Structure formats: C-alpha cells, structure tokens
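A.B. asks: Have a look at this prediction, sequence included:
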Amino acid sequence: MKTAGIRFNTQTLLRFANGFSRAGIGICCLVLSTEAVGRKWRGQVGQYGFFFFAAESPRWLLRRGRSEEALEVLKRYARINGKELPLNISLLEPSGNEKNLAAGEGENNTSTIEKLWNTRWAAKRMSMVMLTGFGIGFVYYGVQLNVENLNFNLYFAVAINAMMEIPAVFIGSVLLMKFY
C-alpha cells in the first residue's frame, strides 16, 4: 500500500510538472501558425487547429460501450501511421461505463461526476487541482501576455521564455518515462 501512495505522489508530481511546462504550447502553436499566413486567412487558420478536438476518441467510444467502433478508429489511426494492429487485440470495456450505469447494472445510478463531488476527499483534491491549474495558467499567461510592459528588452524576455520551455519539456518527458 505504501508503494502505491509513493507512486501516486510521484505520478501526480510528474503530471503537474508536465502540465506546468507545457501550459503554453497551444498559444505558441496558434501564434506560429497564424504568423505564417496573411491577415486575410489568420482567423480561419486559427480555427483549423480546433477541428481535431471534435474528432471521436477511441477511449470515449469505449466508455460508451461502443468497443467495435473504438477498435475501428484505432485500426484507422494505425493505418494512417503506416502500422498494423495485432490480430489478437481486444478492447476491454471499463468497469462502470455509461451504458451499464444507465441500465442500472453498476453499483448505483450516480454518475462519475456526482461520485466525485459527493466524495469528500475526491472533491477536495479536484478543487485543489482546479485552483492550482487556474493559478498556474493565470501566472504563465499573465507573464507571457504582459511581457511588453516589463522593464527589460521584449525580445530578450521572449527568448528566455522559449529557452525555458525546451528543458522543461525534455525533463518532464524523461521523468514521465522513468516513473510512469
């Protein structure tokens, strides 16, 4: 039991570090992609990246009890990447998926979100994660977007910010591979 607690704490710390170090990647991608096109196309190009958020996720399909469809999506992704899934692959439906809960087959008919907020320790953790994420995002984007008002060279500030991203992503990736 003690090892699981240590693993959870290490995992939590590494996920935090990864999230902290990669918080600005979305805005950087948006800026870089819109800088490459003229003023006329900036709005459209800025929106194109959000198309991928609407794609169906195999995990989402699996949670809804649509395992065959999830497997087809995985096969399509593998084919796009020039790979092939093993023939004996099967997807296990997660316990307590939405389909089973709706049919009353789960432990009770409460949703996962209701369970989260009705469990004191989970609600406390979730509140802390949300508050921490908000604080980190507020500080990160606040510094990034307000850098022109600081009392030093704008180009130097942007260069330092970019240079800090590189080791942060690398270190976060290495630590995740080692401990996760």
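C.D. replies: Done, it's in. Numbering: from 1, shown residues only.

A.B. asks: wouldn't residue 56 be in contact with residue 73 here?
C.D. replies: Yes: Residue 56 is in contact with residue 73 according to Cβ atoms under 8 Å; the separation is 6.4 Å. Heads up, the C-betas are built off the backbone N, CA and C, glycines and all.

A.B. asks: Between those two, tell me which one has more neighbours.
C.D. replies: Set side by side, residue 56 and residue 73 give different neighbour counts by other Cβ atoms under 10 Å, the larger being at residue 73 (18 against 12).

A.B. asks: so where's this protein shaky on pLDDT?
C.D. replies: Along the chain, segments meeting pLDDT under 70 span 1-8, 23-24, 49-55, 94-110, 180.

A.B. asks: at 90 what do you get?
C.D. replies: Scanning the chain for pLDDT under 90 picks out the ranges 1-68, 70, 73-74, 77, 80-81, 84-123, 125-126, 129-130, 132-180.

A.B. asks: which phi and psi does the residue most central in space within it have?
C.D. replies: Geometric centre of the chain, nearest residue: residue 19, 8.0 Å, by Cα atoms, centre = their mean. The phi and psi values for residue 19, taken as degrees, to the nearest 10, are phi -60, psi -40.

A.B. asks: and if you look at residue 152?
C.D. replies: Residue 152 adopts backbone torsions of phi -140, psi 170, taken as degrees, to the nearest 10.
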